[in-house]
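Trainee: quick one, structure for this:
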Amino acid sequence: MKKCFLFCFFISLLIISCNKDKLIPEDKFIKVYVDILVAQDTLQDKSIPPDSIRAIILKKHNIPDSLYTNTIDYYNSSEERWEKFFDRAIKYVEELKNVKEK
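Mentor: Residues are numbered from 1 along each chain as shown. Just a heads-up that it's a prediction; the model follows:
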């Protein structure tokens, strides 16, 4: 029984570590996510579907849709992870605003 538990435990760790390799680094993900939100907000009345906007932004950042989806799934697995992410994203947007005001 212990051997089975240890085997399952190590397989789980392997899967988790492999999935982390298939994520957009947080600094880059913040920029991508903010770009998508700004573009959707800016272009919402131009009858461009949100999926098309996302595809354009992902292409701009050279990110495959599957990598974006894996990253979203990763953040969706933890509310705390999203909270930390949004705190950093807000700081990034504030920095952008400060640069534009200067």
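
Trainee: next one: phi and psi at residue 73?
Mentor: phi -60, psi -40 (degrees, to the nearest 10).

Trainee: quick one: low-confidence ranges for the protein?
Mentor: Under the criterion pLDDT under 70, the flagged ranges of the chain are 1-21, 102.

Trainee: 80 instead, please
Mentor: Along the chain, the model assigns pLDDT under 80 to residues 1-21, 44-47, 100-102.

Trainee: all the strands of it, residue numbers only.
Mentor: Assigned by DSSP state E, the chain shows no strands.

Trainee: now do the helices in it.
Mentor: Using DSSP state H, the helices of the chain run over 2-21, 26-43, 50-60, 65-76, 79-101.

Trainee: how about these in JSON lines, adding mean neighbour count?
Mentor: C-betas here are computed from N, CA, C, even on glycine. What follows is the helices of the chain, written out as JSON lines (neighbours: other CB atoms under 10 Å):
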{"stretch": "helix 2-21", "mean neighbour count": "9"}
{"stretch": "helix 26-43", "mean neighbour count": "16"}
{"stretch": "helix 50-60", "mean neighbour count": "14"}
{"stretch": "helix 65-76", "mean neighbour count": "15"}
{"stretch": "helix 79-101", "mean neighbour count": "11"}
